[in-house]
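Q: take this sequence and fold it.
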Amino acid sequence: MKIMILILIAYLLGSIPTGLWIGNSIYKINLRDHGSGNTGTTNTFRILGWKAGTVTLVIDVLKGTLATLLPAWLGLESSWPLVIGFFAIIGHTYPIFAQFRGGKAVATSAGVLLGFAPAFLFFLLLIFGIMLYLYSMISLASVTAAAVALLGIAVFPALNFLLYDYNGLFSLIIVCVASIIIFRHKENIQRILKKEENTVPFGLNLSHQNKE
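A: Down below sits the predicted model:
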């Protein structure tokens, strides 16, 4: 019963559509009608500005971290924190409070890793930052970090680097989360191939996308 309650709490936490609620309540702007139509951090930054974007980012990350830490605080050890955290990611991606149309899982996934494997997260953030600087695309940086995470769970334990043993459940959830992130960015990938993807106003833009 305790596990089921925590799963429900994690899903409901993840389902909080931060950017959508901030836009509707404070700015009187529905994010679904602007930019990419997505309610996640990137579109919030683009449409509502850096203040709203920063708040959205912090809350979306904390949703994953809180869901991951709750089981540990209640004495549930082993891999339960990771399992519970995964349901926050599902909630963020398919939120009950927003007609099951949510974000692209990046921020809340980072929050789960922050609570369960922070060193691995910081490595992925480094990859994200490098790709963002080189190509000026949050979408490409996100997809690349997801792909590197897949490579990491396969290679790092053998190298005794950041991940020190093969954890089957951790690997399974990383595969699921990375797949969700890549799938949710399929339209971005298509625009990248056409050199029509939106870019941020910094970085090298090495693939020469059309800037927004």
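
Q: so where's the longest helix in this structure?
A: Longest helix in the chain, counting residues (DSSP state H): helix 50-73.

Q: what about that one, distance to the chain center?
A: Here helix 50-73 shows a centroid-to-chain-centroid distance of 10 Å under the convention C-alpha atoms, centre = their mean, to the nearest Å.

Q: for that helix, buried residues please.
A: For helix 50-73, a neighbour-count test (16 or more other C-beta atoms under 10 Å) marks 52-53, 55-57, 59-71 as buried. In short, each C-beta sits where N, CA and C put it, glycine included.

Q: got it, and stretch 185-202?
A: Neighbour-count burial for stretch 185-202, counted by 16+ other C-beta under 10 Å, picks out 185, 188, 191-192, 197-200.

Q: average pLDDT for that stretch?
A: Average pLDDT, stretch 185-202: 94.

Q: can I have it written out in PDB, keeping just the CAs?
A: Output in PDB follows, covering the C-alpha atoms of stretch 185-202 (Å, rounded to 0.1, in the frame of the first residue of the first chain):
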ATOM      1  CA  HIS A 185      11.900  15.200 -29.800                       C
ATOM      2  CA  LYS A 186      11.100  13.500 -33.100                       C
ATOM      3  CA  GLU A 187       9.700  16.700 -34.600                       C
ATOM      4  CA  ASN A 188      12.800  18.600 -33.500                       C
ATOM      5  CA  ILE A 189      15.000  16.000 -35.100                       C
ATOM      6  CA  GLN A 190      13.000  16.400 -38.400                       C
ATOM      7  CA  ARG A 191      13.500  20.100 -38.300                       C
ATOM      8  CA  ILE A 192      17.200  19.700 -37.500                       C
ATOM      9  CA  LEU A 193      17.600  17.600 -40.600                       C
ATOM     10  CA  LYS A 194      15.900  20.300 -42.600                       C
ATOM     11  CA  LYS A 195      18.000  23.000 -40.900                       C
ATOM     12  CA  GLU A 196      14.900  24.600 -39.600                       C
ATOM     13  CA  GLU A 197      15.200  24.100 -35.900                       C
ATOM     14  CA  ASN A 198      14.900  27.000 -33.400                       C
ATOM     15  CA  THR A 199      18.200  28.000 -31.800                       C
ATOM     16  CA  VAL A 200      19.200  29.900 -28.700                       C
ATOM     17  CA  PRO A 201      20.900  33.300 -29.100                       C
ATOM     18  CA  PHE A 202      24.400  32.100 -28.200                       C
END
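
Q: quick one: contacts of that stretch?
A: Here stretch 185-202 makes contact (C-beta atoms under 8 Å, 6 or more residues apart in numbering) with 36, 46, 104, 132-133, 135-140, 142-143, 182, 205, 207-212.

Q: are any of these buried, and which?
A: Buried by 16+ other C-beta under 10 Å: 36, 46, 104, 132, 135-140, 142-143, 182, 205, 209, out of the contacts of stretch 185-202.

Q: now the strands: where do they sit in the chain?
A: For the chain, applying DSSP state E gives no strands.

Q: quick one, domains of it?
A: Split into domains by automatic domain parsing, the chain comes to 1-116, 117-212.
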